[in-house]
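Asker: this one's structure only:
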């Protein structure tokens, strides 16, 4: 086994490949993507009277489409009642950051970074009380997000569109990890 010079030995570490802590109620659902020589298709959801198959207890009340400019950060959103189910197309690439700020949650304080899109098809279910934001990781083009919510948008006294500062979990959470 080789020995390293003192400066390399002092800086040496081993990357942690252990599973990341889960946030209670956060779900990641891998979706099937069907490819042929003419393109690809992904089934996002099957609905039974608004209830989404494969996501027990979630009833879609509204579907939204959002576009983000290159390298933009939209954060942090926080809902008291609303559950979000997000999808970023495989041709796009975004960094979803979620943080559990629920006072009574067993995973309170947990923060996760999840890459969405990037040639994968999956849904992410974000429960109420979990702050969430996204950064477009593509430097040259916009990124799309399609998302389902179980509370219809409202600007009246029933508004559930809370916010936390973009750097609530530290500005470094948005930086590309360098290994």
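Answerer: Thanks, I have it. None of the values given here were measured: they were computed from a predicted structure. Residues are numbered from 1 along each chain as shown.

Asker: what sits against the spatially most central residue of the chain?
Answerer: A centroid search over the chain (Cα atoms, centre = their mean) returns residue 96, at 3.4 Å, as the residue closest to the centre. Shown here is residue 96, whose contacts under the criterion Cβ atoms under 8 Å, 6 or more residues apart in numbering are 86, 88, 113, 114, 115, 116, 124, 132, 133, 134. For the C-beta atoms, the positions are set from N, CA and C on the backbone; glycine is no exception.

Asker: quick check on the third one: phi, psi?
Answerer: Put plainly, it is residue 113. When quoted as degrees, to the nearest 10, the phi and psi of residue 113 stand at phi -110, psi 130.

Asker: where do the helices of this protein begin and end?
Answerer: Listed from the start of the chain, the chain has helices (DSSP state H) covering 6-11.

Asker: one step back: measure the spatially closest residue to the residue nearest to the centre of the chain that is not a sequence neighbour to residue 91 for me?
Answerer: Closest residue to residue 96 apart from its sequence neighbours, by Cβ to Cβ, 6 or more residues apart in numbering: residue 114 at 4.5 Å. The span separating residue 114 from residue 91 equals 18 Å under the rule Cβ to Cβ, to the nearest Å.

Asker: about what we covered before: whichever of the contacts of residue 96 end up buried, select them in ChimeraX.
Answerer: Selecting in ChimeraX just the buried members of those, where the criterion is 16 or more other Cβ atoms under 10 Å, is done with this command:
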select :86,88,114,116,124,132,133,134
